[in-house]
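1. fold the following, please.
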Amino acid sequence: MPPQPVRRRDAERTRAELLEVATQVFADSGYTGARVDHIAERTATTKRMIYYYFGSKEKLYLAVLEKAYRGIRDAEHEVQVSDLPPAVALRRIAERTYDHHLDHSDFIRLVSIENIHRGEHITRLESLRGINSDAVGLLDTILARGRAEGTVRDGVTALDVHLVISAYCFFQVANRYTFGFLFDRDLLDPALRDHHRALIGDVVVAWLSTGGATPSA
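-> The predicted structure follows:
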């Protein structure tokens, strides 16, 4: 019998590969249009094996959705902001969120699909409430620190900040084609990336600063 750690690593690798491919398939085709057979073909495995790891198509989709949300929250927490001035910390989080959204367009499409279906599946992932509360909690800590220093204005909640950042970053990917056609600008043009990243940082800092300054990172 092979050593147990080797088998566990193989299982984890297989599960990770299935999640990666399933993310692409669900993002492209939606929950209804995605076929488990197609996911099996692209991973050189079987439909039976997918059900062994996840139980059903719905549970696979829920795992994909949860992983996608955990990805953006993990990215936010990777930013070391505890020792930074509040304005710089807020800019760093805004810019990190921007980069993550552009680098993970599948996440944007999954969220769009879930909203089309009125959150039918995400409401079954109670665990996501906790990790998203942590993201707002991080912003709340920064805002409180800034107000104590007199550098961040009152009257704005952490959820307000999260909403503004998320809306801007989400728009860049979700509306790329319609915006591009109407205004002849590709929001994902690599030549514009630095400009668009700095823009959300400027907006957040200027909005929240008592002095209207926009310090760079």
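2. please tell me how far the residue nearest the centre of the chain sits from Phe179.
-> Centroid-nearest residue in the chain: Ile72, 3.3 Å away (criterion: Cα atoms, centre = their mean). Ile72 sits 22 Å away from Phe179, taking Cβ to Cβ, to the nearest Å as the criterion. (Glycine included, C-beta is placed from N, CA and C.)
3. go on, Val164?
-> Val164 sits 18 Å away from Phe179, going by Cβ to Cβ.
4. ok, Ala94 next?
-> 20 Å.
5. compare those two (neighbour count), which wins?
-> Ala94 (25 against 15; other Cβ atoms under 10 Å).
6. contacting residues around the more buried one?
-> Residues in contact with Ala94 (Cβ atoms under 8 Å, 6 or more residues apart in numbering) are 165, 200-201, 203-204.
7. make it 6 Å
-> By Cβ atoms under 6 Å, 6 or more residues apart in numbering, the residues touching Ala94 are 165, 200-201, 204.
8. report the rounded mean pLDDT for the helix or strand it falls within.
-> Under the criterion of DSSP states H and E, Ala94 resides in helix 86-103. On average, the pLDDT along helix 86-103 is 95.
9. could you check the angle helix 86-103 makes with the helix or strand just after that helix?
-> Following helix 86-103 in sequence order, the next helix or strand is helix 105-116 (DSSP H and E). With axes from the mean of the first three to the mean of the last three Cα atoms, to 10 degrees as the basis, helix 105-116 and helix 86-103 are set at 90 degrees to each other.
10. what is helix 105-116 packed up against?
-> Applying 3 or more Cβ pairs under 6 Å, 6 or more residues apart in numbering; DSSP states H and E, we find helix 105-116 packed against helix 4-33, helix 158-174.
11. return the most buried member of those helices.
-> The highest mean neighbour count among those, using mean count of other Cβ atoms under 10 Å, belongs to helix 158-174: a mean of 17.
12. helices or strands next to it in the packing?
-> helix 86-103, helix 105-116, helix 127-149.
13. for the helix or strand following it, C-alpha coordinates in PDB please.
-> As assigned by DSSP H and E, the chain's next helix or strand after helix 158-174 is helix 176-183. Extracted C-alpha coordinates of helix 176-183, given in PDB (Å, rounded to 0.1, in the frame of the first residue of the first chain):
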ATOM      1  CA  ARG A 176     -15.400  45.600 -20.900                       C
ATOM      2  CA  TYR A 177     -17.200  44.900 -24.200                       C
ATOM      3  CA  THR A 178     -20.100  47.200 -23.900                       C
ATOM      4  CA  PHE A 179     -18.000  50.100 -22.700                       C
ATOM      5  CA  GLY A 180     -15.400  49.400 -25.300                       C
ATOM      6  CA  PHE A 181     -17.900  49.500 -28.100                       C
ATOM      7  CA  LEU A 182     -19.600  52.700 -26.800                       C
ATOM      8  CA  PHE A 183     -16.500  54.700 -26.000                       C
END
